[in-house]
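**Q** coordinates only, no sequence provided:
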RNA sequence: GGCGCCAUGGCGGAGUGGCUACGCAGCGGAUUGCAAAUCCGUGUACCCCAGUUCGAUUCUGGGUGGCGCCUCCA
């Protein structure tokens, strides 16, 4: 039995689908008007894990993640840049999709867009007006909050408090300051759709109510979104939804937000004024820099309801931990995913595999952790324990245990084929090239100073083969890269390792250590194994 | 002013009325030319004060501190 924490009731409740064997999940997506912030991916990653688990537990899941592709922010951006609002929203929507793909978010079934639902929205608003739950004002149609006796029930607030509270401002045209726009009449030059109230566009909130109705029905199982959307967005969705159809989402799930050094990194965070600070939270940048697997692991290691710390230290710790797992999986990590249409069979099959008592007990622990409000952090802890157990087992049994851990992880989107690259050297290669080249040039200069021209020429030849041209000048040497940096890195490292190998063969350990130390200073470590020396970049 | 969340060992982060996750870092040892990786071992932490209890980090009340929302936000 799966338990889910419902924000509406503030307690865990057994998950009982409206239609047996099916689950309807709606998670608020983005308004695509700017580069994707890592916070925008929290919902997709977290709810993808939720969705995968529901699938694994035998439910058919319809997972809707909307795109609010028309909004004031997009229009303002278009006005400022001269680009069309359509081009802007399409570009950033595409970026959002790309980030999701890279983060292995695979379970979303629908991405409805606002602009595809305009007629339905107009009908919906018309219904609210007809029911006297909305009214026409000078600049649009507004929802009448006073007609909703329990308005504010999701976040436990009362209308009176909000007025005295401060920032809700009186507007002469509205019946109540908390009334919100369902339809906004267009000003000249703004995008506009015809409606009974005049040309305009939908207000914020209405799109989610209408698109969830269109995809999942009037009432559905789970509505998710970021913690900051509780108010006013979700509160207003509930108001509309209940005014329209009587009942709306049954269960509300809210994910914690991204923070840096304990403080939320949001739109209006003063720190965001620093371009360098803003840059580090851009999704594309983070994925490039740290790898999707590491980020997914970091997020899943915590609990979905709690904030997620994205300080450098936290990311590094996540990478180290994941790298350790990846190393232990070895080639098992890259084995293809099981092709299974019915996830539950897959999970049942994992549960049925033979395992040592300790492994079996942690496998059970994984199931319980996930069933209890999707405790991914605790579930991952059991994975670590299985790996730890595996080290004590005979090779054949150990392999079985590793496969169990891998497949459990895969049930929530971890350990995908190719993930190893995110924790290995390849990613970091290009940025390290110039640091290593500095060392290589120094080694060559030294060889020349010692009149060891054989070594010096060997270095130049190897660099040439790597696509690097060396130029000697009076005041030192410089180099130019002709080809791809990652390939050059591999070759240069092979050269450096070869040089060190030579020194070791000559028992010149001082020289050998100078090379190791020089590399270590640039963040590259060498591992002398039985099959040769491997290198790893941090 | 209103509503809510959280306080766990050096750090991150689960969890439980008594059996003290997990990861990172640290320390000791094995291994290694030296390292790295790996392996073995190692740390009785739970904001403060009352109360309930045989027993509380875990429950109740109060306090303190941090954070979030009440404006745009995922």
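**A** Yes, it's here. Keep in mind the model is a prediction, meaning the values are calculated, not measured. Numbering: from 1, shown residues only, chains lettered A, B, ... in the order given.
**Q** in the stretch 101-250 of chain A, which residue sits closest to RNA strand B?
**A** When scored by C-beta to the nearest atom of the strand, the stretch 101-250 of chain A has residue A:226 as its residue closest to RNA strand B, at 2.2 Å. Bear in mind the C-beta positions are built from the backbone N, C-alpha and C, glycine included.
**Q** correct me if wrong: that residue contacts residue A:44.
**A** No: between residue A:226 and residue A:44 no contact is recorded; they are 10.9 Å apart, counting by C-beta atoms under 8 Å.
**Q** so between these two, which is more surrounded?
**A** Legend: neighbour count by other C-beta atoms under 10 Å for residue A:226 and residue A:44, higher for residue A:44 (25 against 21).
**Q** chain center to the helix or strand harbouring the more buried one, what's the gap?
**A** Residue A:44 is located in helix A:38-56, with elements delineated by DSSP states H and E. Here the centre of mass of C-alpha atoms in helix A:38-56, compared against the chain's by C-alpha atoms, centre = their mean, to the nearest Å, lies 9 Å away.
**Q** report the buried residues of it.
**A** If you call a residue buried by 16 or more other C-beta atoms under 10 Å, then helix A:38-56 has these buried ones: A:38-56.
**Q** near RNA strand B, from these?
**A** Applying C-beta under 7 Å from any atom of the strand to the buried residues of helix A:38-56, one finds that A:39-40, A:42-43 fall near RNA strand B.
**Q** rounded mean pLDDT for stretch A:84-92, please.
**A** Taken as a whole, stretch A:84-92 has an average pLDDT of 97.
**Q** what's in contact with that stretch?
**A** For stretch A:84-92, the external contacting residues (C-beta atoms under 8 Å, 6 or more residues apart in numbering) are A:30, A:32-36, A:67, A:69-70, A:74-75, A:77-78, A:81, A:191.
**Q** out of those, who's the most crowded?
**A** residue A:32 (26 neighbours).
**Q** would you mind splitting chain A into its domains for me?
**A** For chain A, whose domains are defined here by automatic domain parsing, the residue ranges read A:3-256, A:263-423, A:427-537.
**Q** go through those and find the least confident stretch.
**A** domain A:427-537 (a mean of 81).
**Q** does that one come close to RNA strand B?
**A** Yes: using C-beta under 7 Å from any atom of the strand as the criterion, contacts between domain A:427-537 and RNA strand B involve A:504, A:509, A:512-513, A:516, A:525-529, A:536.
**Q** quick check: what element follows the helix holding residue A:44 along the chain?
**A** On the C-terminal side of helix A:38-56, the closest following helix or strand by DSSP H and E is strand A:60-67.
**Q** which secondary structure elements does the next helix or strand after that following strand contact?
**A** Tracing the chain C-terminally past strand A:60-67 and defining elements by DSSP H and E, one meets helix A:72-81 next. Packed against helix A:72-81, as judged by 3 or more C-beta pairs under 8 Å, 6 or more residues apart in numbering; DSSP states H and E, are the following elements: helix A:85-102.
**Q** stretch A:275-295: which residues count as buried?
**A** Neighbour counts over stretch A:275-295 (16+ other C-beta under 10 Å) mark A:278, A:280-283, A:286-287, A:290-295 as buried.
**Q** and the contacts of it?
**A** Counting by C-beta under 8 Å, 6+ apart, residues outside stretch A:275-295 touching it are A:35-41, A:45, A:95, A:98-99, A:102-104, A:258, A:260, A:265, A:271-272, A:310, A:315, A:318-319, A:322, A:414, A:416, A:419, A:421-423, A:427.
**Q** these, buried ones only, as a PyMOL selection?
**A** Selecting only the buried members of the contacts of stretch A:275-295 in PyMOL, with burial defined as 16+ other C-beta under 10 Å, works like this:
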select buried, chain A and resi 35+36+37+38+39+40+41+45+95+99+102+103+104+258+260+265+310+315+318+319+322+414+416+419+422+423+427
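**Q** tell me the spacing between the residue lying farthest from the centre of chain A and RNA strand B.
**A** With C-alpha atoms, centre = their mean as the measure, chain A has its most outlying C-alpha, relative to the mean C-alpha position, at residue A:451: 54.7 Å. Using C-beta to the nearest atom of the strand, to the nearest Å, we find residue A:451 at a distance of 25 Å from RNA strand B.
**Q** Three-state assignment for that residue, please.
**A** The three-state label for residue A:451, taken from DSSP: H, G, I helix; E, B strand; the rest coil, comes out as coil.
**Q** pretty sure residue A:45 sits against residue A:297.
**A** No: counting by C-beta under 8 Å, residue A:45 sits too far from residue A:297 to count as a contact (10.2 Å).
**Q** now residue A:185. Its backbone dihedrals?
**A** phi -70, psi 140 (degrees, to the nearest 10).
**Q** for it, which non-adjacent residue is closest in space?
**A** Taking C-beta to C-beta, 6 or more residues apart in numbering as the measure, residue A:185 lies nearest to residue A:200, with 4.3 Å between them; neighbours along the chain are not counted.
**Q** check contacts around that neighbour.
**A** Applying C-beta under 8 Å, 6+ apart to residue A:200 gives the contacts A:140, A:183-186, A:192-193.
**Q** same question for residue A:394.
**A** If you count contacts by C-beta under 8 Å, 6+ apart, residue A:394 has none.
**Q** and it, backbone torsions?
**A** Dihedral angles (degrees, to the nearest 10) for residue A:394: phi -60, psi 150.
**Q** how far away is it from RNA strand B?
**A** Using C-beta to the nearest atom of the strand, we find residue A:394 at a distance of 14 Å from RNA strand B.
**Q** ditto for residue A:370
**A** Looking at residue A:370 against RNA strand B, where the rule is C-beta to the nearest atom of the strand, the gap reads 11 Å.
**Q** report how many residues lie close to that residue.
**A** Here the neighbour count serves as a burial measure; for residue A:370 (other C-beta under 10 Å) it reads 26.
**Q** which residues does it contact?
**A** A:53, A:376, A:379, A:411-412.
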